[in-house]
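Student: I'll drop the sequence and a predicted model, then ask my questions.
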Amino acid sequence: MIHVRHLSHSFGPYWALKDCTFSLEKGDFVFLSGPSGAGKTTLLRLLHGSLSIQRGEVRMADIDVKRLTRQQIPSLRRQVGVVFQDFKILPLRTVQQNIALPLDIRGLAPQHIERRVRAVARALGLDGRLSVRCGELSGGEQQRVAIARAFVVNPQVLLADEPTGNLDPELSLRLVELFKQFQAYGATVLFATHSIDLMRRHPGAHIMRLEQGMITNANWPGAHIFRRPDAMPVRPGASNADDVRADEAEHDRRDGRDRS
Amino acid sequence: MKRILLRLFLQGIRDFGINPWAQASTLAAVTLVCFLSGLFLMALVTLNQQLGMVRGEISFQVYWHRGTDISQIREQWQGYAHIPGFLGVKTFTPEEALEELGKRLGRTSGSLEKEFPFLAEKSPLPATALISFAPNNRNLERWISETTLFLESQPGVSRVVATPLQDELGRAWRKVSKYVMWPSISFLTLTLGLLVGNTIRLSQMARSHETEILQLVGAFNWYIRTPLIINGATLSLSGGLLALGLLFLVHMQVHDVLNFPPLLMEIQFLPWQLMLALLLAPTCMGIAASWLAVRGQ
Ligand SMILES: Nc1ncnc2c1ncn2[C@@H]1O[C@H](COP(=O)(O)OP(=O)(O)O)[C@@H](O)[C@H]1O
Ligand SMILES: [Mg+2]
């Protein structure tokens, strides 16, 4: 579903992403972890075409992203639901209007849009807030609007960039369950987060760790781990999920929870 | 699809609210230019109609020597019909010419002779004829001089005056419109295009955040641009409509100002083709300008 090969990206002289290779199949759920500045957002932006690919290859749902012209990028984005780290919602529009946006641009019937928006809003606990302007919502509520907008089109691929960053732990857990429901229906989910707790609560999940633009750890064979000479020793048998999570916990302590 | 287009259309109308001042001043400029063009067209239509009555007609006023045998002159009058392009001839025997003169002076028929009995015996006026032609000759100048020579060579003819006055008037008018009016209208239209394009770009900038989000959720470019182009088109169309309304008001006020003798010109309002052009031209210009403005993004 998502195939990334030797993907690198630089901003000026600075490499934000270095030679990343991994594959996610249909129905995979992967936590993308790593400290702030590791390149998580850069990777997700490359996947849905909001950064152009400089080096390497990306295939999303059988679309060669590198080959897409500007006119074809919308077709890719319509198959991908994205939750942006900075929400990207319209503060002057209501919750209803914001969630309905991806359906509006497809020209669906108003009754259908209404029904769909209501259902998604209920799942995210926003049903009482539909007619409120998004600018008047709390950060957590805005984040849920951003998630609802990604869910509303029932996408084949869900890319979520720290979608629980502004939510309390309990709500975060419930949200991950929602993402997992999409996964159960066959969606591929790439979920960037820095919350160890969240990953610890989902023992079966794939985890891919990104550091300084490189995949430094992963617990399933779909990802190629980049080994630098000076990299910290990777524990023997690191493909074990528990080990990665232990690894994460250690990094978490080291980074002092200062992650955004 | 119909639903999307309707929504985008309404969005385009709503966009008037984004930069009301820029939109209003652009609207005023479009109206002004359309109004001026409309005035020009109105003048053109009215004059063309006047000129059209005589367009392409060339008349020769022919005078004969006094005392030339009138039967000889009549023979010549009959012969004119054989000249190609002949339209008609108005002839005056010396007596008729006198009577005509009397009429012009406001006398009843025959009263002039009563006042001046010597006139009754022999009119002091020469016989004249006003011959009209519609020459289909390319080289008009040459045709005129040749015809003049021919008419002068006829026996008894003393003087021939070609009066292509109307034609010259028409040519002058065409020159003015060719070298002054159309260039200035084109220039104004170009300026207008820049103005409309600029206003649309302002709208676009005001909506850039929304545009970014629309793009991120997979909106096609046409979805984003259509409201802006509709904004530009309606802006220009409204300008055209306003100008047409103003023109109509002005026409109501002035349509009779030239309607007195000897001008007797009633100023014509624009025919529907030109009204349509006055609406379509700015609309097309608005669409083109907006399209260019949003395309470069
Ligand atoms: N548009 C940009 N211009 C320049 N540098 C950027 C840009 N976006 C990201 N970066 C840099 O790339 C690196 C990775 O950023 P990012 O992908 O946002 O990390 P993360 O999402 O993991 O916190 C950071 O060092 C950041 O400063
Ligand atoms: Mg980020």
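Tutor: Structure's in. What do you need? Ligands and ions are numbered 1, 2, ... in the order given.

Student: what comes into contact with the strand or helix carrying B:Leu279?
Tutor: Using DSSP states H and E, B:Leu279 falls within helix B:272-295. Defining contact as CB atoms under 8 Å, 6 or more residues apart in numbering or on different chains, one finds that helix B:272-295 is touched by B:30, B:33-34, B:37-38, B:41, B:45, B:189, B:192-194, B:196-198, B:200-201, B:204, B:224-225, B:228-229, B:231-237, B:239-241, B:243-244, B:270. For the C-beta atoms, the positions are set from N, CA and C on the backbone; glycine is no exception.

Student: Show me what counts as buried in it.
Tutor: B:274-275, B:277-279, B:281-283, B:285-294 (16 or more other CB atoms under 10 Å in any protein chain shown).

Student: quick check, stretch B:13-33 touching chain A?
Tutor: No. On the criterion CB under 8 Å from any CB of the partner chain, stretch B:13-33 is out of touch with chain A, staying 12.0 Å away.

Student: got any ranges where the stretch 101-250 of chain B has weak pLDDT?
Tutor: B:104, B:106-122, B:137-138, B:163-170 (pLDDT under 70).

Student: And the residue of it closest to ligand 1?
Tutor: B:Glu212 (13.8 Å; CB to the nearest ligand atom).

Student: And that residue, which helix or strand is it part of?
Tutor: Going by DSSP H and E, B:Glu212 is part of helix B:208-216.

Student: And for B:Glu100?
Tutor: Using DSSP H and E, B:Glu100 falls in helix B:94-104.

Student: returning to that earlier point: drop anything exposed from the contacts of helix B:272-295.
Tutor: Judged by 16+ other CB under 10 Å, buried ones among those: B:30, B:33-34, B:37-38, B:41, B:45, B:189, B:192-193, B:196-197, B:200-201, B:204, B:224-225, B:228-229, B:231-237, B:239-241, B:243-244, B:270.

Student: which ones among those residues are found in strands?
Tutor: With strands defined by DSSP state E, no entry of the buried ones among the contacts of helix B:272-295 lies inside them.

Student: Quick one: the helices in the stretch 101-250 of chain B, in order.
Tutor: B:111-115, B:117-121, B:140-153, B:165-176, B:182-206, B:208-216, B:221-254 (DSSP state H, counting those that start in this stretch).

Student: Of all those helices, which one is nearest ligand 2?
Tutor: Comparison of these against ligand 2 by CB to the ion identifies helix B:208-216 as nearest, at 15.2 Å.

Student: and the residue of chain A found nearest ligand 2, which of the three is it?
Tutor: Of all residues in chain A, the one sitting closest to ligand 2 is A:Thr41 (3.2 Å; CB to the ion). At A:Thr41, secondary structure determined by DSSP: H, G, I helix; E, B strand; the rest coil is helix.

Student: Tell me, how many residues neighbour the nearest residue to the residue of the stretch 101-250 of chain B closest to ligand 1 once chain neighbours are set aside?
Tutor: The shortest distance from B:Glu212 to any non-neighbouring residue, by CB to CB, 6 or more residues apart in numbering or on different chains, is to A:Lys88 (7.3 Å). When neighbours are defined as other CB atoms under 10 Å in any protein chain shown, A:Lys88 has 17 of them.

Student: For my notes, confirm A:Lys88 occurs in a helix.
Tutor: No. Assignment of A:Lys88 by three-state DSSP gives coil, placing it outside any helix.

Student: And it, how close does it get to B:Thr211?
Tutor: 12 Å (CB to CB, to the nearest Å).

Student: How about B:Trp182?
Tutor: 39 Å.

Student: Include distance to A:Gly213 when you put the helices of the stretch 101-250 of chain B into CSV, please.
Tutor: CSV is the format used below for the helices of the stretch 101-250 of chain B (distance: least, CB to CB, whole Å):
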stretch, distance to A:Gly213
helix B:111-115, 114
helix B:117-121, 117
helix B:140-153, 83
helix B:165-176, 71
helix B:182-206, 34
helix B:208-216, 23
helix B:221-254, 32
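
Student: Single out the most deeply packed of those helices.
Tutor: Highest mean neighbour count among the helices of the stretch 101-250 of chain B (mean count of other CB atoms under 10 Å in any protein chain shown): helix B:221-254, with a mean of 20.

Student: can you give me the angle that one makes with helix B:208-216?
Tutor: Interaxial angle of helix B:221-254 relative to helix B:208-216 (axes from the mean of the first three to the mean of the last three CA atoms, to 10 degrees): 130 degrees.

Student: what about the strands in the stretch 101-250 of chain A?
Tutor: A:157-161, A:188-192, A:206-211, A:214-218 (DSSP state E, counting those that start in this stretch).

Student: Distance from the first one to the middle of the chain?
Tutor: This points to strand A:157-161. 3 Å (CA atoms, centre = their mean, to the nearest Å).

Student: That strand and ligand 1 in contact?
Tutor: No. Judged by CB under 6 Å from any ligand atom, strand A:157-161 and ligand 1 are separated, with a smallest distance of 6.9 Å.

Student: Can you check what angle separates that strand from strand A:188-192?
Tutor: 0 degrees.

Student: Count the residues that sit near the residue nearest to B:Glu210 when sequence neighbours are not counted.
Tutor: In space, and not counting its chain neighbours, B:Glu210 is closest to A:Leu90: 6.0 Å by CB to CB, 6+ apart. Using other CB under 10 Å, A:Leu90 has 18 neighbouring residues.

Student: and A:Leu90, what is it in contact with?
Tutor: So A:Leu90 contacts A:Gln97, A:Asn98, A:Leu101, A:Cys134, B:His209, B:Glu210, B:Ile213 (CB under 8 Å, 6+ apart).

Student: Distance to B:Pro124 added to the residues you listed, as TSV?
Tutor: Output for those, formatted as TSV (distance: CB to CB, whole Å):
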residue	distance to B:Pro124
A:Gln97	96
A:Asn98	100
A:Leu101	96
A:Cys134	101
B:His209	93
B:Glu210	91
B:Ile213	96
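
Student: secondary structure element for B:Ile73?
Tutor: Going by DSSP H and E, B:Ile73 is part of helix B:70-79.

Student: Would you mind naming what in chain A lies close to ligand 2?
Tutor: Within chain A, the positions adjacent to ligand 2 are A:Thr41, A:Gln85 by CB under 5 Å from the ion.

Student: Fine by me, we can end here.
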